[in-house]
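Undergrad: The sequence isn't on hand, but the structure is:
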């Protein structure tokens, strides 16, 4: 297969490629995430547990750059 991963999907795609390299024809990573110490585990857990729109918006704002909607 031709495997593509974007953002955190980049880390997942790499793990898939490492697990089954013989099945991967190509690997493309677009703005990959998950490769360094910058991962904010508490924020990701907060996002996963968000119960309402305002909580989700607050988490997405914390994950995005300044001035992003």
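TA: Ah, there it is. Nothing here was measured: the structure is a model prediction, and the numbers come from that model. Numbering: from 1, shown residues only.
Undergrad: Please report how far the residue positioned nearest the centre of the chain lies from residue 52.
TA: Nearest to the mean C-alpha position of the chain, by CA atoms, centre = their mean, lies residue 8 at 1.7 Å. Applying CB to CB, to the nearest Å, one obtains 23 Å for the distance of residue 8 from residue 52. (C-beta placed from N, C-alpha, C; glycine too.)
Undergrad: re earlier: so the residue nearest to the centre of the chain sits right up against residue 33, yeah?
TA: Yes - contact criterion CB atoms under 8 Å: residue 8 and residue 33 qualify, at 4.9 Å.
Undergrad: Stretch 24-41 spans what distance, first to last residue?
TA: The first residue of stretch 24-41 is 29 Å away from its last residue (CA to CA, to the nearest Å).
Undergrad: would you list every one of the strands in this structure?
TA: Under the criterion DSSP state E, the chain carries strands at the ranges 2-6, 26-30.
Undergrad: Can I get those strands in a markdown table including distance to residue 20, mean pLDDT and mean neighbour count?
TA: Shown next, in a markdown table, are those (distance: least, CB to CB, whole Å; pLDDT from 0 to 100; neighbours: other CB atoms under 10 Å):
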| stretch | distance to residue 20 | mean pLDDT | mean neighbour count |
| --- | --- | --- | --- |
| strand 2-6 | 10 | 95 | 15 |
| strand 26-30 | 11 | 95 | 13 |
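Undergrad: For those, give me a markdown table that also has distance to residue 58.
TA: Shown next, in a markdown table, are these (distance: least, CB to CB, whole Å):
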| stretch | distance to residue 58 |
| --- | --- |
| strand 2-6 | 23 |
| strand 26-30 | 26 |
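Undergrad: Can you check which of the ones you listed gets nearest to residue 40?
TA: Distances from residue 40 to each of these were compared using CB to CB; the minimum, 18.3 Å, belongs to strand 2-6.
Undergrad: Neighbouring strands of that closest one in the sheet, and parallel or not?
TA: When pairing is defined by DSSP bridges, strand 2-6 lines up against strand 26-30 (parallel).
Undergrad: centre of the chain versus the strand it pairs with, how much separation?
TA: 14 Å (CA atoms, centre = their mean, to the nearest Å).
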